[in-house]
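Participant: sequence unavailable; structure follows:
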């Protein structure tokens with residue numbers, strides 16, 4: 001088991017360098033926030049468009065198949081599974097459809113010109129009229145009083161699909177599209193951003209965007225440094241956990257003979273060992289920073305990246321503006 005490969009979410013793709021890598025991290029952060037905010041109060045069609053845009057960006061960037069297949073494959077499967085589950089589930093309205101008008105409406109508004117034939121009284125030996133045929137003249141008179149079945153004026157139907165126990169209504173279909181597309185958009189947009197942006201670029205872009213907060217004595221540099229160290233520390237956590245799990249597997253422990261209590265004790269020891277190793281790694285990083293003369297982020301600054309808005313960045317911002325214009329004009333619920 002290799003956690004660094006089986007859990008590829010949040011990892012940075014160093015090679016090959018695509019055109020998404022060359023964009024300014026602040027521009028990519030603006031695109032990311034747009035993907036996170038645009039689905040709010042948006043129509044189902046617009047949410048599907050966002051999913052298509054994310055897939056087209058992945059294909060246009062020429063990201064290797066082995067990378068995006070691991071990240072997008074299981075996420076698409078999860079989104080389709082959620083879509084199918086919500087679509088066939090009850091829509092939550094719980095309303096029984098009842099006709100607005102009674103079936104014999106004309107019987108209350110129109111009176112017959114001639115009275116209905118009297119129903120003959122049953123014989124004393126057959127009070128329930130068993131075997132007695134109905135009077136055809138009376139049936140014809142009653143049929144004239146019934147409201148005729150009028151055809152549906154439009155093709156609208158609240159039930160989209162119905163076969164056996166499976167029923168898909170318009171509300172359940174809309175909920176399925178909203179939930180599945182929101183799940184895919186939120187997770188994959190963040191994954192694509194981290195895939196094409198180095199951790200140092202992420203923190204540098206955030207520090208530059210938060211620089212006005214320094215006027216309010218907000219420790220922007222300390223926050224950026226903490227975020228950088230946390231992003232660099234995630235692979236170390238996965239590596240330590242992976243080594244401990246492999247050490248348990250190599251010992252060929254028979255978990256059935258140990259029972260639930262002893263198995264829990266072993267995993268508690270593993271968790272304790274994992275915490276000790278992580279604290280040791282953190283102490284080693286702190287010692288390395290002290291040895292190199294690091295005192296504070298403001299005095300010991302390391303400029304990782306020179307942030308400049310280039311020509312392609314302006315093009316990306318222009319396309320983002322067009323996207324938001326279309327979102328406000330056509331993608332809003334109740335617009336048009």
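Facilitator: Sure, I can see it. Being a predicted model, the structure only gives us computed values, none of them experimental.
Participant: if I look at the closest residue to residue 89 other than its chain neighbours, how far off is residue 54?
Facilitator: Nearest residue to residue 89, sequence neighbours excluded (CB to CB, 6 or more residues apart in numbering): residue 172, at 6.3 Å. All C-beta atoms are positioned from the backbone trio N, CA, C, and that covers glycine. Distance, residue 172 to residue 54, by CB to CB, to the nearest Å: 25 Å.
Participant: the more surrounded of those two?
Facilitator: Applying other CB atoms under 10 Å to residue 172 and residue 54 shows that residue 172 carries more neighbours, namely 21 against 18.
Participant: list the contacts of that one.
Facilitator: Counting by CB atoms under 8 Å, 6 or more residues apart in numbering, residue 172 touches 86, 87, 88, 89, 90, 91.
Participant: let me see the contact set for the residue nearest the centre of the chain.
Facilitator: Centroid-nearest residue in the chain, with CA atoms, centre = their mean: residue 183, separated by 0.8 Å. Shown in contact with residue 183 (CB under 8 Å, 6+ apart): 75, 78, 79, 82.
Participant: could you look up the SS state of it?
Facilitator: Following DSSP: H, G, I helix; E, B strand; the rest coil, residue 183 is assigned to helix.
Participant: picking up where we left off before, of the contacts of residue 183, closest to residue 235?
Facilitator: residue 75 (21.0 Å; CB to CB).
Participant: what's the pLDDT at the closest one?
Facilitator: With respect to pLDDT, residue 75 scores 84.
Participant: what's the burial count for it?
Facilitator: A count of neighbours around residue 75, defined by other CB under 10 Å, yields 17.
Participant: doesn't residue 184 make contact with it?
Facilitator: Yes: applying CB atoms under 8 Å, one finds residue 75 in contact with residue 184, separated by 5.9 Å.
Participant: related to what we said a few turns ago, could the contacts of residue 172 go into a markdown table alongside distance to residue 290 and pLDDT?
Facilitator: Formatted as a markdown table, the contacts of residue 172 follow (distance: CB to CB, whole Å; pLDDT from 0 to 100):
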| residue | distance to residue 290 | pLDDT |
| --- | --- | --- |
| 86 | 53 | 87 |
| 87 | 58 | 87 |
| 88 | 60 | 86 |
| 89 | 57 | 82 |
| 90 | 61 | 78 |
| 91 | 61 | 73 |
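Participant: report the buried members of the residues you listed.
Facilitator: By neighbour count, with 16 or more other CB atoms under 10 Å, the contacts of residue 172 hold 86, 87, 88, 91 as buried.
Participant: which parts of the helix or strand harbouring the first one are buried?
Facilitator: Under the criterion of DSSP states H and E, residue 86 resides in helix 65-88. By 16+ other CB under 10 Å, the buried positions in helix 65-88 come out as 68, 70, 71, 72, 75, 79, 82, 83, 86, 87, 88.
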